[in-house]
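Engineer: Sequence below, structure please.
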Amino acid sequence: MCGRFALTATPNELLELFGLLKVEDFPARFNVAPTQPILVIIASERREPGSNLPERNALLVRWGFMPGWVKDPRSFPLLINARAETAVDKAAFRAAMRHRRILVPASGFYEWRRPPKGTRGSSQAYWVRPRRGRLIAFAGLMETWSPADGSEIDTATILTTGANEALSHIHNRMPVVIQPEDFSRWLDCRTQEPRDVADLLSPAPADYFEAIPVSDKVNSVANTGPEIQEEVAAEPAPTEKGSGADINAQMSLF
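Structural biologist: Next up, the predicted model:
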């Protein structure tokens, strides 16, 4: 899954990678958490006169998807992630998979290796970043929810897939990464149906990310500075109670 991520790129880096005409200035964010505003990239219906750039816009939405048919958000779970393998079949995501696919810019994400039942050990947080240090884009979905007062709230979720072999020892899920050459196809909801972009919903190559052990400072949303990405000595891998046998390679978190 993806429950925290970071976006520390500059506005100019976003302009260059996503082919945007403009983007508002924003501060570096080292600990983006659910329910907070996140920056997303959407396909635009209009092209600026004389521009040869792709038709894309950037906007802020709430991280936590809310289907339009929900009446009471207090009785509905916070959908920060959606399984890429089944999203098109789920009532909550079906319409968005067809009509409202988005990109979520990120510099990397955080994941936790948690000891399963029957083992000894502590949770270990990791800062997972692209090895080449570049800005990346997660596949996402967007929905506009209207409460009873008639206002509108744009909401989003990040699609996840099975973890690749390099990250599976930490967690069994990871965000779907869309490569720059596939941005247009993923965002094109007019001619590209979900079945046409299903091939994009696969794990990133094993050598794409590196996982850096970090402290539990990232656990608190109050910690928002670059120090949460500082490398620490990793906690020992979980072992079976009473045996001391290392079962890290066999554990299943879900």
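Engineer: where in the stretch 151-254 of the chain is pLDDT low?
Structural biologist: Applying pLDDT under 70 to the stretch 151-254 of the chain flags the ranges 238-254.
Engineer: how about the strands in it?
Structural biologist: For the stretch 151-254 of the chain, applying DSSP state E, counting those that start in this stretch gives strands covering 153-162, 173-175, 209-214, 239-240.
Engineer: Pipe these into TSV and attach mean neighbour count and distance to Val70 per row.
Structural biologist: To be clear about C-beta, it is placed using only N, CA and C from the backbone, and glycine gets the same treatment. Output for the strands of the stretch 151-254 of the chain, formatted as TSV (neighbours: other C-beta atoms under 10 Å; distance: least, C-beta to C-beta, whole Å):
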stretch	mean neighbour count	distance to Val70
strand 153-162	23	10
strand 173-175	25	24
strand 209-214	19	34
strand 239-240	14	43
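Engineer: So for the protein, the centremost residue is which one?
Structural biologist: Ile158 (4.4 Å; C-alpha atoms, centre = their mean).
Engineer: Between the strands of the stretch 151-254 of the chain, which one is closest to Asp182.
Structural biologist: Nearest of those to Asp182, taken as C-beta to C-beta: strand 153-162 at 13.4 Å.
Engineer: Which strands or helices does the closest one pack on?
Structural biologist: strand 56-63, strand 81-83, strand 101-106, strand 136-145, strand 173-175 (3 or more C-beta pairs under 8 Å, 6 or more residues apart in numbering; DSSP states H and E).
Engineer: packing partners for the third one?
Structural biologist: I take that to be strand 101-106. strand 4-7, helix 11-18, strand 37-43, strand 136-145, strand 153-162, helix 183-187.
Engineer: And the first one, by the same measure?
Structural biologist: Using 3+ C-beta pairs under 8 Å, 6+ apart as the contact criterion, the neighbours of strand 56-63 among helices and strands are helix 11-18, strand 37-43, strand 153-162.
Engineer: try 7 Å this time
Structural biologist: Strand 56-63 is packed against strand 37-43, strand 153-162, with contacts defined by 3 or more C-beta pairs under 7 Å, 6 or more residues apart in numbering; DSSP states H and E.
Engineer: Quick one: residues contacting the closest residue to Trp186 other than its chain neighbours.
Structural biologist: Nearest residue to Trp186, sequence neighbours excluded (C-beta to C-beta, 6 or more residues apart in numbering): Ile178, at 5.0 Å. Residues in contact with Ile178 (C-beta atoms under 7 Å, 6 or more residues apart in numbering) are 103, 137, 139, 186, 200.
Engineer: Need the contact partners of stretch 58-76.
Structural biologist: The contact list for stretch 58-76, computed with C-beta under 7 Å, 6+ apart, reads 14, 20, 23, 34-42, 78-80, 82, 92, 141-145, 153-157.
Engineer: Touching, Asp25 and Pro11? I think so.
Structural biologist: Yes. Judged on C-beta atoms under 7 Å, Asp25 makes contact with Pro11 at a distance of 5.7 Å.
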